[in-house]
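In: Show me the folded form of this:
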Amino acid sequence: MTDTSITSPAVEGRSLGQLALLRFRRNKPAMGGCVILLLIALFSFVGPLFSSHSYDQVFSSYVSVPPSLKPFPDPASLQQVAEGAATRARLKLDSFTLESGVFTVKISSDKPIDPRTVRYFDRVNEFHDTRVAETSADQMSMTLTGRVTQEYFFFGTDSNGRDLMVRVMLGGQISIAVGLAASLVSLGIGVIYGATSGYLGGRVDNIMMRIVEILYSLPFVFLVVVMVVFFGRSILLMFLVIGAVQWLEMARIVRGQTLSLKRREFVGAAEALGLNDWQIIRRHIIPNTIGPVIVFVTVVVPQVILTESFLSFLGLGVQAPLASWGTLISDGAQNIQNTPWLLIFPAVFFVVTLFSLNFVGDGLRDALDPKDR
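Out: Reported below is the predicted structural model:
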């Protein structure tokens, strides 16, 4: 008699983390936010590697030029540029020809021409590698040749002639770095402070929370102004000042979670095993507050970016020639009528980043919600 029983394959279970990741991946707005944040991060941190311009490079010939996909300069304007260079050198421009990106000019004067005159042509942004091709016997006339330098300004330039696209990349680096660094500072201080206060309870909890309330009562802008006066404006100061304020709300959230966790059975079991308070906080309390903390961090990052932009808008942020999205928006707001692109591009990146972070935060909140498990 044959055995007809069929053994069913073992079903592999999923952990709570895997289920949360699956719910998060099904959230299309959250995944779209992650993709957009990745693209913005690549644009900000990797983009400058592929740009031939630096954030502080000044193009005196291209001041406040609008965004364009076409290269600068316009070939029709090169003869006028050559005439200007010849006039500054106190010479006369006899002819100007352009062929395949190479220009040729003939200049003359009432007295012998110094070969160093070519420096006047290289000082403009349109010409490069100018050299003497031919000189007359009496040195009263000279033929110069060189290359026409083509520049691309996809986002236009600012009032100082700097490439706005590179400065938006730099602004993204600083704004994102300030947001992440200040959030990590608030995360490190707030989680430890809140977990310690909530677990110890009693008089210690009362004193620690009163300290938090006192710090809450201090005006934030006044604190920043005082620190800027004493220590000067710097990115490190921005990390410290913003992180020193944002951890207060983090501590209160973690304290509330700790008050409910310390009555759970696993905490009582840890106490029965002889673990001290710090070991229980480090091994059991803090790891079980990670879910709400992660969700709150996604809210803190856009708040920090907004705070940094607000301080930069007031002139208390990063120093020139560095720039953040806040300083770029501030400069663009002052010239919105004449050069609106100075406001549009950094504002678009700023708003899209904040929206994406909020979508990611909502997705994490839904994925880690215990009611959906």
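In: When you work out contacts or count neighbours from here on, use the C-alpha atoms and nothing else.
Out: OK.
In: send the alpha carbons of stretch 181-189 over as PDB?
Out: What follows is stretch 181-189, C-alpha atoms only, in PDB (Å, rounded to 0.1, in the frame of the first residue of the first chain):
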ATOM      1  CA  ALA A 181      23.100  66.900  10.900                       C
ATOM      2  CA  ALA A 182      20.800  69.000  13.100                       C
ATOM      3  CA  SER A 183      18.300  66.100  13.100                       C
ATOM      4  CA  LEU A 184      21.000  63.700  14.200                       C
ATOM      5  CA  VAL A 185      22.000  66.100  17.000                       C
ATOM      6  CA  SER A 186      18.400  66.400  18.100                       C
ATOM      7  CA  LEU A 187      17.900  62.600  17.800                       C
ATOM      8  CA  GLY A 188      21.000  61.800  19.900                       C
ATOM      9  CA  ILE A 189      20.200  64.200  22.700                       C
END
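In: For residue 93, name its beta-bridge partners.
Out: Legend: beta-bridge partners of residue 93 under DSSP bridges are residue 107.
In: could we number from 613 for the rest of this?
Out: Sure, I'll start numbering at 613, so the last one becomes residue 705.
In: Correct me if wrong: it contacts residue 695.
Out: Yes: taking contacts as Cα atoms under 8 Å, residue 705 lies within contact range of residue 695: 6.0 Å.
In: looking at the chain, which helix or strand does the model trust least?
Out: Lowest mean confidence among the helices and strands of the chain (mean pLDDT, DSSP states H and E): helix 832-843, at a mean of 72.
In: helices and strands around it, which ones?
Out: Contact partners of helix 832-843 among helices and strands, from 3 or more Cα pairs under 8 Å, 6 or more residues apart in numbering; DSSP states H and E: helix 847-873.
In: helices or strands next to whatever helix or strand comes next after the helix it packs on in the packing?
Out: Scanning forward in sequence from helix 847-873 by DSSP states H and E, the next helix or strand is helix 877-884. Packing partners of helix 877-884 (3+ Cα pairs under 8 Å, 6+ apart): helix 889-892.
In: Low-confidence ranges, the protein, go.
Out: Residue ranges of the chain with pLDDT under 70: 613-629, 840, 844-846, 980-985.
In: Strands of that one, start to end?
Out: Ranges of strands within the chain are 704-711, 714-720, 739-747, 753-760, based on DSSP state E.
In: what residues go with each domain of this structure?
Out: Segmentation of the chain into domains, based on automatic domain parsing, reads 647-663+771-984, 688-760.
In: Of those, which stretch is the most buried?
Out: Mean neighbour count (mean count of other Cα atoms under 10 Å) peaks for domain 647-663+771-984 among the domains of the chain, with a mean of 18.
In: Just give me how far that one sits from the chain centre.
Out: Chain-centre distance of domain 647-663+771-984: 13 Å, with Cα atoms, centre = their mean, to the nearest Å.
In: Now do the same contact list for residue 969.
Out: Neighbouring residues of residue 969 by Cα atoms under 8 Å, 6 or more residues apart in numbering: 645-646, 649, 910-911, 913-914.
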